[in-house]
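**Q** Below is the sequence, then the predicted model.
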Amino acid sequence: MGPGFDLYTAGTSWLHRLDPRTKMTFVGASFVLLLLTGQIILVLAYLVVVHAVLRRAGIPWRRIGWLWARMWPLTLLILILWPLSNPGGEPVLVQWWWIRITLPGIGQGLLAGLRVNGLAFAVYVLLLTTDQSGLVQGLVGIGLPFEWGLALAIGLRYLPLLLGMYGTITDAQRARGWTPEEEGLVRRARAYGPTLVALVIGALRLTDGLTLALAARGFRPGQPRTTRRPLQLRWADRVCLAGIGVLTLALVAAEWIYL
Amino acid sequence: MAPFVVLDDVHVSYPSPGPGLEAPRILRGVSLSVAEGECLALLGPTGAGKSTLCLCLNGLIPHLVDGTFRGGVHIAGHSTREWTPGELSQTVGLVFQDAESQFVSMTVEDEVAFGLESLGLPPDEIEGRLAEALEVMEVGGLRSRSPLELSGGQKQRVALAAVMAMRPRVLVLDEPTTNLDPVGKAALLRAVSRLRVAWGTTIVWVTQDVDWVPHLADRVAVLWEGQIALEGGLREVFDQGALLRRMGLRVPQVRELAARFGSTGLGGYAWLGVDEAAEALRGRLGG
């Protein structure tokens, strides 16, 4: 498995130390800006700044590259499909049968592809520099019930376990002569049926065990809890929040007035 | 000493698995008591009802698990019917067989702190208890590691630390050594032994590792088809080798060796531990 479902990269940088709520505000502001702007250059600039920030926070290029590799198939799909499904505008670059590709179509595809990566990297900034406990606390801090945060955290925690379980089940089936890759697509899909049944049963058992374990450790839904590291907005957070606020307002105003 | 944990004629049945099928009766009138500070080893073959008994001790049965519950379980004089599992978690700690399936956090320290946060303790106290539990279980060096990356023995010690940080007066261990190698088993049992000394915890230890029982247990009870078939001191129970074998169990190997010595006319020994056997043999051989 690659870096896994927990993207957190341990560190003590200024970005790691920021309050999760500040980083969540950054994610929200990024979404507003990226969805609002129609300028490729702005989205590109955003991505460059985010990468610089991540590097400054000590996130290795390898981890960033791994994330790009995960995003690449979707980006490619957008770059191909967008110009095909948006044939309007001039100049026309390709006109063959029903296919019509225009320069504005390619430009819009490029913008959509970069925008998707921008949105993803906004979330990665949060996930790469906030540990699970901080993430849950941050979500609770912005008003979500603790149970929702815990469900998310448990989901992240259990995905590798479920993948491991799936690997064990398929290995056991293969040891008994199961070779789905030799079948056609439909037969292969059918062949996976019993494997998925075993996986669902295993997942239900895990859930049962987890419910008992949570109750045995004093967890009661809806009951007040304390936290070992209470959230605290420090000076750096206030400065960042102010910066995010001013920049967002300025860019929204610029989009509205000039573009 | 007054009994601290009392099971009084406990019956548990799970819901019927289907129409027309009988509801499985798991416990059929279990009566048992454990004194404060005592360690009771609970032996029994697979399917005897050991795990169900563990769930009764911390109130998960009858509060959370479906089924029928009759009889009574009393901890420190209070019925488990009166307390919710959340309230009971401060008195009875349960460590499950599969430590991994009870972890909810990405780091060891968050895992150990989870229960303390659920209890609503202030941050300073959480930090204090966290550090103490990690130290007693000798997992302090693993604080920032993911529980998933640890060895089986380390995972069990982290699970134990998570439970012990809540400072329960009774610790229930449901076959915690099942998936461990000998080194992991030894480390875990040393840790349990240390916390017994440090905190005087009452322990109910469900196990099939009979060779390790003499290292920790004061008394032994044998659960067989949902009932207590044997109960008493270590020698008293392990003297019943033939009966234990009929129930699919065995006596510690050292005790077996002593019995073989006796049957070949080399003396009437009843060793339970290696040290005891070595001492006796040294005496006999004049070493």
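**A** Okay, I see it. Residues are numbered from 1 along each chain as shown, chains lettered A, B, ... in the order given.
**Q** Show me what from the stretch 101-250 of chain B comes close to chain A.
**A** Residues of the stretch 101-250 of chain B found near chain A (C-beta under 8 Å from any C-beta of the partner chain) are B:101-107, B:109-110, B:113-123, B:126-127, B:130, B:144, B:146, B:148, B:162-163, B:166. (Each C-beta comes from the backbone N, C-alpha and C, glycine too.)
**Q** Got a quick PyMOL command for the buried subset of those residues?
**A** Buried residues within those, by 16 or more other C-beta atoms under 10 Å in any protein chain shown, are selected in PyMOL with:
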select buried, chain B and resi 101+102+103+104+105+106+107+109+110+113+114+115+116+117+118+119+121+126+127+130+146+162+163+166
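**Q** And the residue in the stretch 151-259 of chain A that chain B sits nearest to, its phi and psi?
**A** Closest contact between the stretch 151-259 of chain A and chain B, by C-beta to the nearest C-beta, is at residue A:213 (3.4 Å). Per-residue torsions, residue A:213: phi -60, psi -40 (degrees, to the nearest 10).
**Q** One more: residue B:26?
**A** Torsion angles at residue B:26 (phi, psi; degrees, to the nearest 10) stand at phi -90, psi -50.
**Q** my guess is it meets residue B:13, correct?
**A** Yes. Look at residue B:26 against residue B:13 with C-beta atoms under 8 Å: they come within range, at 6.6 Å.
**Q** Need the overlap of contacts for those two.
**A** By the contact definition C-beta atoms under 8 Å, 6 or more residues apart in numbering or on different chains, residue B:26 and residue B:13 are jointly contacted by residue B:67.
**Q** Can you list the low-confidence ranges for chain A?
**A** Residue ranges of chain A with pLDDT under 70: A:1-6, A:182-183, A:259.
**Q** Now residue A:255: closest residue in space, sequence neighbours ignored.
**A** residue A:36 (5.5 Å; C-beta to C-beta, 6 or more residues apart in numbering or on different chains).
**Q** quick check, residue B:73 in a helix?
**A** No. Judged by DSSP: H, G, I helix; E, B strand; the rest coil, residue B:73 forms no part of a helix; its state is strand.
**Q** For it, report the pLDDT, please.
**A** According to the prediction, residue B:73 has pLDDT 95.
**Q** Quick check: bridge partners of it?
**A** residue B:7 (DSSP bridges).
**Q** List the residues that contact it.
**A** Going by C-beta under 8 Å, 6+ apart, residue B:73 touches B:5, B:6, B:7, B:8, B:10, B:56, B:57, B:59, B:79, B:80.
**Q** domains of the chain?
**A** You didn't say which chain, so I picked chain A. Residue ranges for the domains of chain A, per automatic domain parsing: A:14-142+A:229-258, A:146-216.
**Q** oops, I was thinking of chain B
**A** B:3-250, B:252-287.
**Q** Go through those domains and find the least confident stretch.
**A** domain B:252-287 - the lowest mean pLDDT of the domains of chain B, at a mean of 79.
**Q** Let me know the distance separating the residue of the stretch 151-259 of chain A closest to chain B from residue A:71.
**A** Going from residue A:213 to residue A:71 by C-beta to C-beta, to the nearest Å gives 36 Å.
**Q** go on, residue A:34?
**A** Distance of residue A:34 to residue A:71, given as C-beta to C-beta: 14 Å.
**Q** Comparing those two, which residue is more hemmed in?
**A** Using other C-beta atoms under 10 Å in any protein chain shown as the criterion, residue A:34 and residue A:71 rank with residue A:34 on top: 21 against 15.
**Q** Could you look up the SS state of the closest residue to that one other than its chain neighbours?
**A** Excluding the flanking residues, the one nearest residue A:34 by C-beta to C-beta, 6+ apart is residue A:118, at 4.6 Å. What three-state DSSP gives for residue A:118 is helix.
**Q** wouldn't residue A:118 be in contact with residue A:45 here?
**A** No. Applying C-beta under 8 Å as the test, residue A:118 and residue A:45 come out as separate, 10.0 Å apart.
**Q** Show me the helices in the chain, by range?
**A** This is for chain A. A:14-17, A:20-36, A:40-56, A:61-85, A:103-129, A:132-141, A:146-175, A:185-216, A:235-258 (DSSP state H).
**Q** that's the other chain; I wanted chain B
**A** Per DSSP H, chain B carries helices over the ranges B:50-57, B:60-63, B:85-88, B:108-118, B:123-136, B:152-164, B:182-199, B:213-216, B:234-238, B:241-246, B:253-263, B:274-285.
**Q** Put together a markdown table for the domains of chain A, with distance to residue B:181 on each row.
**A** Shown next, in a markdown table, are those (distance: least, C-beta to C-beta, whole Å):
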| stretch | distance to residue B:181 |
| --- | --- |
| domain A:14-142+A:229-258 | 29 |
| domain A:146-216 | 20 |
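**Q** and the residue of the stretch 1-150 of chain B nearest chain A?
**A** residue B:102 (3.4 Å).
**Q** right, and that residue touches residue B:159 too?
**A** Yes. Using C-beta under 8 Å, residue B:102 is in contact with residue B:159, at 6.1 Å.
**Q** okay, and the common contacts of these two?
**A** Counting by C-beta under 8 Å, 6+ apart, the common neighbours of residue B:102 and residue B:159 are residue B:96.
**Q** Get me the contact residues on the stretch 101-250 of chain A for chain B.
**A** A:131-133, A:150, A:153-154, A:156-157, A:160-161, A:206, A:209-220, A:223-230.
**Q** What's the ChimeraX syntax to select whichever of these are buried?
**A** Command for ChimeraX, covering only those of these found buried under the criterion 16+ other C-beta under 10 Å:
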select /A:131,132,133,150,153,154,156,157,161,206,209,210,212,213,214,215,216,217,218,219,225,226,227,228
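**Q** circling back to that earlier point, the more surrounded of residue B:26 and residue B:13?
**A** residue B:26 (24 against 18).
**Q** Quick check: the more buried one vs residue A:205, distance?
**A** Remark: distance between residue B:26 and residue A:205 (C-beta to C-beta) = 17 Å.
**Q** likewise residue A:249?
**A** 52 Å.
**Q** and what of residue A:258?
**A** Distance, residue A:258 to residue A:205, by C-beta to C-beta: 59 Å.
**Q** These two: who's more crowded?
**A** Taking neighbours as other C-beta under 10 Å, residue A:258 and residue A:205 compare with residue A:205 leading, 12 against 6.
**Q** give the contact list for residue B:53.
**A** B:7, B:10, B:27, B:30, B:42, B:206, B:223.
**Q** try it again with 7 Å
**A** B:27, B:30, B:223 (C-beta atoms under 7 Å, 6 or more residues apart in numbering or on different chains).
**Q** Count the neighbours of the residue lying closest to the second one once chain neighbours are set aside for me.
**A** Right, residue B:30. If the residues on either side of it in the chain are set aside, residue B:30 comes closest to residue B:10, at 4.5 Å by C-beta to C-beta, 6+ apart. By other C-beta under 10 Å, the residues close to residue B:10 number 25.
**Q** how about residue B:206, what does it touch?
**A** Contacts of residue B:206 by C-beta under 7 Å, 6+ apart are B:42, B:50, B:54, B:173, B:174, B:175.
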